[in-house]
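Novice: Would you be able to build a 3D model of this:
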Amino acid sequence: MNLRAVFHVVGMLLMMVAVILLVPLAVGWFSPARLFPNEVGEVVAWAGAPHLRAGGQRSEAAAFLLSIMITGAAGGALFLVNRPAGPVTYGAREGFGIVTLGWVFFAGFGSLPFVLSGATGPLRDAGNLAESFTDAYFETMSGFTTTGASIMNADVEPLSAAVTGKFAGEGATAPPVAIEALPRGILLWRALTHWLGGMGVVMLALAVLPAMGAGGAALFRAEATGVPGSRLRPRVAETAKVLWEVYLGLTVMETAALFFAGMPLFDAFCHTFATLSSGGFSTKNASMGHYNDRPVIIWIVIFFMICAGTNFGLLFECFRGHFDRLFRDTEWRAFTGALLVATVLLTAWCMRDWRDAGPAAESFASSGGTPSAVAVKQVDGDNGVRRVQWRIVEGSAYDYSSPFFAFTHAAFQATSILSCTGFCTADFDLWPVPARAILVFFMVVGGCSGSTSGGVKVMRVVVLVKNTVRHIVLLLQPRAVLPVRVAGQSVPERVVGGVLAFFAVYMTVLALASLILAAIIPDRVGTAVTSVTTCMANVGPGLGYGGAGGVGASGNFDAIPIPGKWLLSFCMLAGRLELFSVLVLFMPLTWRKV
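Specialist: Numbering: from 1, shown residues only. The predicted model follows:
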């Protein structure tokens with residue numbers, strides 16, 4: 001591997017990130033100041049900028065300015081010091097190195113605004129610095145990989161904390177704001193990391209930087225997701241431009257739709273960035289549950305989450321008016337068919353739980369309550385005790401008694417998990433076991449190849465199922481010649497072998513990482529397994545009902561120990577780059593001179 005060429009390009013990409021940081025800087029500069037306490041605030045008190053600090057506090061504008069300076073300087077140094085003496089050929093090794101090391105550097109320097117603003121905690125000593133940087137790196141890696149797992153909102157009481165065997169309406173208080181208290185510049189940067197990572201920072205560079213043209217094919221293959229397919233244009237740079245044009249078009253469409261549906265413009269931008277990238281970071285403590293009283297907004301987000309989980313090549317054909325190609329695509333039909341079946345099943349299970357709870361639910365729903373009030377009733381079932389939940393959201397009860405209401409939440413959560421977006425409108429940790437099993441399965445499957453979704457991808461599951469059926473048939477007809485066919489065309493054996501290898505490596509890494517995290521948090525093995533699963537699939541929320549360390553819809557990853565957060569950060573990166581782009585760097589052959 002030509003490391004000088006690799007770091008030369010990584011430096012170029014870091015300078016591009018520094019330029020992009022100007023956007024949240026501008027937002028932070030002109031937004032009302034929100035300062036975080038920090039005892040080392042003097043670091044930003046350079047000459048000529050005394051207005052950027054107040055006592056021992058740092059403003060977000062100062063944090064972004066300093067981040068831009070550090071990132072730009074580091075990127076410029078890498079770019080200049082490693083400038084090649086002559087023409088460079090970028091092969092597969094350099095492509096994997098640029099993409100993997102690039103994403104590691106993006107998360108490292110992208111975490112600076114969180115650390116320097118104090119958003120991830122005060123910097124009192126080396127211990128605080130290590131914890132703050134770990135949290136910031138985790139948050140930024142989660143953003144760039146479009147995972148959506150967060151350490152923010154740690155001070156909010158879990159939605160499920162009222163499971164005490166009695167109704168929780170008595171004396172319930174609204175949770176303190178946490179995410180909503182963050183400065184707008186920080187919130188926008190969280191959303192931008194999603195939007196940039198959704199299509200890929202390297203893909204953006206291929207589209208806008210002519211100097212990236214050489215070796216673009218190797219970079220494209222290293223960052224692209226799913227089963228290899230044909231390009232939309234003969235040249236890689238042109239294909240990247242087409243994909244980003246579709247991405248931008250969808251961004252404008254969803255932002256406008258959310259704004260006209262009643263969402264504030266800033267929130268519309270942030271939720272659009274998080275939706276189309278299949279990220280999941282929200283500007284609200286309750287995620288999309290904040291808008292449960294506006295079903296139009298919920299259904300707009302459902303539609304665009306489906307778009308995010310669809311192959312962008314097919315979306316490009318739709319933009320050209322060829323909608324028939326979408327409905328003829330085997331992978332998309334499997335994707336939407338799974339969503340429809342899961343939505344019907346989840347709706348039925350939620351309504352059954354509500355019906356089993358009896359009249360107590362209606363009594364609670366009509367009694368009013370605070371925005372955070374939760375009622376939980378123990379219901380004796382055939383398989384033990386089940387929990388049934390009702391919650392008062394902004395004065396209106398959502399109780400699953402309405403078929404439309406139950407269908408809306410079922411459709412939203414099924415789409416959110418299968419597309420790997422990770423938005424939540426309900427605490428699905430309180431759903432029946434079969435419903436949660438479907439969601440965990442969807443975490444692993446993910447969306448379509450060539451989408452912004454994570455997971456193993458629907459096409460790989462289709463190929464795996466067809467290959468399994470083929471082998472069963474060959475047991476009965478050993479002499480038969482049965483190629484794996486998708487959409488009427490034979491899948492090359494090399495591709496089938498690649499799919500099988502991917503599944504084997506994926507499940508091996510998932511199992512090993514789960515064992516390691518279970519050793520770190522031995523008292524929460526279930527949390528360890530679902531944490532690794534959701535991070536490798538780039539979904540966001542896992543399963544973990546209430547209490548410290550719960551990583552479900554009502555929890556976060558703040559209670560995971562520092563070693564665990566670094567392990568999960570690796571899982572996010574490996575999942576986003578689909579394992580091989582990362583694991584190839586651990587092969588001695590990669591570093592051997594040819």
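
Novice: quick one, strands of the stretch 451-594 of the chain?
Specialist: 485-486, 489-490 (DSSP state E, counting those that start in this stretch).

Novice: Which one of these lies nearest to Ile521?
Specialist: Across those, Ile521 has its closest neighbour in strand 485-486 (40.8 Å, Cβ to Cβ). For the C-beta atoms, the positions are set from N, CA and C on the backbone; glycine is no exception.

Novice: coming back round to it: may I see the strands of the stretch 451-594 of the chain organised as a markdown table, with mean pLDDT added?
Specialist: As requested, the strands of the stretch 451-594 of the chain are arranged in a markdown table below (pLDDT from 0 to 100):
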| stretch | mean pLDDT |
| --- | --- |
| strand 485-486 | 85 |
| strand 489-490 | 84 |
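
Novice: Deepest in the core, which of these is it.
Specialist: Comparing the strands of the stretch 451-594 of the chain by mean neighbour count (mean count of other Cβ atoms under 10 Å), strand 485-486 comes out on top with a mean of 14.

Novice: so Ile516 sits right up against Phe570, yeah?
Specialist: No - the criterion here is Cβ atoms under 8 Å, and Ile516 misses it with Phe570 at 10.2 Å.

Novice: Who has more neighbours out of the two?
Specialist: Neighbour count, other Cβ atoms under 10 Å: between Ile516 and Phe570, Phe570 has more, with 17 against 14.

Novice: What separation do you get for that one and Asp324?
Specialist: Distance from Phe570 to Asp324, counting by Cβ to Cβ, to the nearest Å: 42 Å.

Novice: Could you do Phe133 as well?
Specialist: Applying Cβ to Cβ, the value for Phe133 to Asp324 is 51 Å.

Novice: who's more crowded, those two?
Specialist: Using other Cβ under 10 Å, the more surrounded residue of Phe133 and Asp324 is Phe133, with 19 against 10.

Novice: ok, the more buried one touching Val115?
Specialist: Yes - Phe133 is within contact range of Val115, at 5.6 Å (criterion: Cβ under 8 Å).

Novice: if I pick Ala77, what's in contact with it?
Specialist: Gly11 (Cβ atoms under 8 Å, 6 or more residues apart in numbering).

Novice: Quick check, Cys60 in contact with Gly118.
Specialist: Small correction: residue 60 is Glu, not Cys. No - using Cβ under 8 Å, Glu60 is not in contact with Gly118, being 9.5 Å away.

Novice: More neighbours: these two, which one.
Specialist: Neighbour totals were compared for Glu60 and Gly118, and Glu60 leads with 31 against 22 (other Cβ under 10 Å).

Novice: From Trp189, how far off is that one?
Specialist: 9 Å.

Novice: what does Ile297 give?
Specialist: According to Cβ to Cβ, Ile297 and Trp189 sit 23 Å apart.

Novice: Which one of those two is surrounded by more residues?
Specialist: The neighbour comparison of Ile297 against Trp189 (other Cβ under 10 Å) goes to Trp189, with 31 against 21.

Novice: ok so the more buried one is a helix residue?
Specialist: Yes - assessed with DSSP: H, G, I helix; E, B strand; the rest coil, Trp189 lies in a helix.

Novice: What pLDDT does the model give the nearest residue to it once chain neighbours are set aside?
Specialist: Here the nearest residue to Trp189 in space, its sequence neighbours aside, is Pro24; by Cβ to Cβ, 6 or more residues apart in numbering that works out to 4.2 Å. The score at Pro24 is 93. That number is its pLDDT.
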